[in-house]
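**Q** take a look and give me a structure for this.
(one chain, ligands or ions: 2)
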Amino acid sequence: MKVTVLGAAGGIGQPLSLLLKLSSQIDELSLYDIRLSKGVATDLSHINTNVKVTGFEPSSKEDQSAIKQALTGTDVVIIPAGVPRKPGMTRDDLFNINASIIQSLASAIAETAPQAYVLVISNPVNSTVPIVVETFKQKGVFNPKRIFGVTTLDIVRANSFIKEYDTHGELDVSKVNINVIGGHSGETIVPIYSQSNASKIYKKLSSSQRDALVNRVQFGGDEVVKAKNGGGSATLSMAYSGYKFAESLIRALKGESGIIEDSFIYLDDGIKGAREVKNKTKLNYVSLPIRLGPHGVEEVEGGILGELDDNETKLFGVAVNTLSKNIVKGELFVNKVKSKL
Ligand code: NAD
Ligand code: LMR
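**A** Ligands and ions are numbered 1, 2, ... in the order given. Sure thing, here's the model as predicted:
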């Protein structure tokens, strides 16, 4: 099992690579960045685990050989390359810089490792995933079961933040499992506490407590951006989340059954359950619980959409509206139609 990290020397890339170096599921780790990745790889290679680590850096802006080597024979590619937010910025403000970075990395993957599973971390996820998909379509190698927007940090936050309301100390926070659906930015993030193993606590909350909890999950990223005060956005919790998603996917690829993770994916008619979700939401992409299997996405578990409480239904409606604009923006970027969205 070979995993390649693109953007491996960054705030997320380094701790993510460390976690992957510790994984017993992986044989080879390939680290690519436009700077410092050889140093990060050398550093990690001193850790005595069985994962072989190699670093690759281009010698100039035009040099494509390093990324080609990094991607050759890879099974899974994780992308945390791109710029993070500073206080006062939205994720959408990153689009102008990150869209071209993601498009060029997606082109390289489509050319060198078209069969790879691609995990997109770079923001704005609601638009960067459509950029990867459209690039793969243009290159004739698109497989909807293999491209994932990583929204796991929203789940990790939702799982953590409910603990504050556990006044009787009955919750083991490491076992909480909240689905978070929609997308990955502000109002498109919709935690579904009503249908979770923490619903007992959630149902006892007042409506203002529920609003505060949901708001904290939706704007958890801003909380970190503000606390880092110009030093970037979430890196360590994101590295953990990216690692968690990658491990789940790899275990499913190796044949383990019953693995479900939430992820932002393209709703292709060939995926079990996708058509129903598309009809219901009118979206081409959404984050929902996904059953993973040996070929990637096996099924979209859209049943959750029929189980939302009134407030979650309202929030999901708002999410759908913003999501559709974010998605079109990514699609138009690749197809070079000027977007006014
Ligand atoms: P960072 O600036 O610390 O690191 C980004 C790295 O990408 C740098 O090392 C940079 O050299 C590298 N890079 C830039 N262009 C590249 C290219 N063309 N090829 C290869 N590498 C390239 O940023 P970070 O804090 O690691 O965040 C990275 C991205 O992840 C941001 O867009 C951020 O918004 C996003 N993010 C997403 C989530 C999520 O939940 N999906 C969470 C946190 C951050
Ligand atoms: C997050 O949710 O922490 C990331 O998307 C980074 C950000 O910009 O908030």
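**Q** show me where the stretch 101-250 of the chain has strands.
**A** Applying DSSP state E, counting those that start in this stretch to the stretch 101-250 of the chain gives strands spanning 117-120, 147-149, 179-182, 189-192.
**Q** please, where are all the helices along the chain?
**A** Defined through DSSP state H, the helices belonging to the chain, from first to last, are 13-21, 37-45, 65-71, 95-112, 125-138, 152-161, 199-203, 207-218, 220-228, 236-253, 274-281, 310-334.
**Q** in TSV, list those helices along with mean neighbour count and distance to residue 28.
**A** Every C-beta, even on glycine, is put in place using the N, C-alpha and C of the backbone. Written out in TSV, the entries for the helices of the chain read as follows (neighbours: other C-beta atoms under 10 Å; distance: least, C-beta to C-beta, whole Å):
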stretch	mean neighbour count	distance to residue 28
helix 13-21	23	10
helix 37-45	19	11
helix 65-71	19	11
helix 95-112	19	15
helix 125-138	25	22
helix 152-161	24	23
helix 199-203	16	42
helix 207-218	16	35
helix 220-228	18	31
helix 236-253	20	12
helix 274-281	17	32
helix 310-334	18	30
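**Q** by mean pLDDT, show me the worst of the ones you listed.
**A** When those are compared on mean pLDDT, helix 199-203 scores lowest, with a mean of 94.
**Q** quick one: that helix to chain centroid distance?
**A** Taking C-alpha atoms, centre = their mean, to the nearest Å, one finds helix 199-203 lying 27 Å from the centre of the chain it belongs to.
**Q** so what touches that helix?
**A** 162, 165, 166, 170, 171, 193, 194, 196, 210, 213 (C-beta atoms under 8 Å, 6 or more residues apart in numbering).
**Q** I'd guessed residue 31 sits against residue 9; true?
**A** Yes - Residue 31 lies in contact with residue 9 (C-beta atoms under 8 Å); the separation is 7.4 Å.
**Q** between these two, which contacts overlap?
**A** 37, 40.
**Q** among the contacts of helix 199-203, the buried ones, what's the ChimeraX command?
**A** Of those, the buried ones can be selected in ChimeraX as follows, counting by 16 or more other C-beta atoms under 10 Å:
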select :162,165,171,193,194,196,210,213
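**Q** the contacts of helix 199-203: which ones sit near ligand 2?
**A** Within the set of those, contact with ligand 2 (C-beta under 6 Å from any ligand atom) is found for no member.
**Q** got CSV for the contacts of helix 199-203, with distance to ligand 1 too?
**A** CSV is the format used below for these (distance: C-beta to the nearest ligand atom, whole Å):
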residue, distance to ligand 1
162, 19
165, 24
166, 25
170, 29
171, 24
193, 19
194, 23
196, 20
210, 23
213, 19
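**Q** and the least confident of the contacts of helix 199-203?
**A** Comparing pLDDT over the contacts of helix 199-203, residue 170 scores lowest. The value there is 88.
**Q** list the contacts of that residue.
**A** With contacts defined as C-beta under 8 Å, 6+ apart, the neighbours of residue 170 are residue 201.
**Q** residue 148 now?
**A** Here residue 148 is in contact with 117, 118, 119, 120, 129, 245, 249, 263, 264, 265, 290, 297 (criterion: C-beta under 8 Å, 6+ apart).
**Q** now flag whichever of those is closest to residue 64.
**A** Within the contacts of residue 148, the smallest distance to residue 64 is 18.0 Å, found for residue 118 (C-beta to C-beta).
**Q** what parts of this protein come near ligand 2?
**A** 84, 85, 91, 123, 153, 221, 224, 225, 233, 234.
**Q** of these, list those near ligand 1.
**A** Restricting those to those adjacent to ligand 1 (criterion: C-beta under 6 Å from any ligand atom) gives 84, 85, 123, 153, 233, 234.
**Q** excluding covalently adjacent residues, which one is nearest to the closest residue to ligand 1 within the chain?
**A** Ranked by C-beta to the nearest ligand atom, the top residue of the chain for proximity to ligand 1 is residue 10, at 2.0 Å. Once its chain neighbours are removed from consideration, residue 10 has its nearest residue in residue 80; the separation is 6.0 Å (C-beta to C-beta, 6 or more residues apart in numbering).
**Q** same thing with residue 179?
**A** By the measure of C-beta to C-beta, 6+ apart, the closest residue to residue 179 outside its immediate chain neighbours is residue 192, 4.8 Å from it.
**Q** ok, now residue 11?
**A** Beyond its immediate neighbours in the sequence, the residue positioned closest to residue 11 (C-beta to C-beta, 6+ apart) is residue 235, lying 3.6 Å away.
**Q** check contacts around that neighbour.
**A** With contacts defined as C-beta under 8 Å, 6+ apart, the neighbours of residue 235 are 10, 11, 12, 15.
**Q** of these, which is the most crowded?
**A** residue 12 (28 neighbours; other C-beta atoms under 10 Å).
**Q** doesn't residue 80 make contact with that residue?
**A** Yes - the pair residue 12 / residue 80 is scored as a contact, 4.0 Å apart, by C-beta under 8 Å.
**Q** for the stretch 201-341 of the chain, which residue gets nearest to ligand 2?
**A** Nearest to ligand 2 in the stretch 201-341 of the chain, going by C-beta to the nearest ligand atom, is residue 221, at a distance of 2.2 Å.
**Q** can you check the stretch 51-200 of the chain too?
**A** Closest residue of the stretch 51-200 of the chain to ligand 2, C-beta to the nearest ligand atom: residue 85 (3.9 Å).
**Q** please consider this matter closed, and thank you.
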